[in-house]
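Asks: Okay, here's the prediction I keep looking at, along with the sequence it came from:
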Amino acid sequence: MTGGAGLIRFFEDETPGIKVGPTVVLVFAAMLVVAIVIAHINALIQA
């Protein structure tokens, strides 16, 4: 059984595509949530 760090290093080294850090992923996820909340509030105001 290998440690989690080895598994993370394996996936970071072997996966093709753009490299984004966990902070970038969290920021984009937070912006998506905020955009959805704003859209719901806007829909409630328009109704």
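Replies: Okay, I see it.

Asks: average pLDDT across the helix or strand harbouring L44?
Replies: Using DSSP states H and E, L44 sits within helix 22-46. Averaged across helix 22-46, pLDDT comes to 96.

Asks: Pull the residues that contact it.
Replies: Contacts to helix 22-46, defined as C-beta atoms under 8 Å, 6 or more residues apart in numbering, come from no residue at all. For every residue, glycine as well, the C-beta is placed using N, CA and C.

Asks: quick one: buried residues of that helix?
Replies: The neighbour-count criterion (16 or more other C-beta atoms under 10 Å) identifies no buried residues in helix 22-46.

Asks: Before we move on, what's the pLDDT of I8?
Replies: pLDDT, I8: 61.

Asks: swap in K19?
Replies: Per-residue pLDDT puts K19 at 79.

Asks: Could you check how far it is from V25?
Replies: For K19, the distance to V25 equals 11 Å [C-beta to C-beta, to the nearest Å].

Asks: what secondary structure does I18 sit in?
Replies: What DSSP: H, G, I helix; E, B strand; the rest coil gives for I18 is coil.

Asks: next one: phi and psi at K19?
Replies: Backbone torsions of K19, given as degrees, to the nearest 10, read phi -100, psi 120.

Asks: That one: neighbour count?
Replies: For K19, the neighbour count with other C-beta atoms under 10 Å is 8.

Asks: Let the chain start at 9 from now.
Replies: Okay, residue one is now 9; in that scheme the one you just asked about reads as K27.

Asks: That one and V35: what is the separation?
Replies: 15 Å.

Asks: go on, I46?
Replies: Distance, I46 to V35, by C-beta to C-beta: 16 Å.
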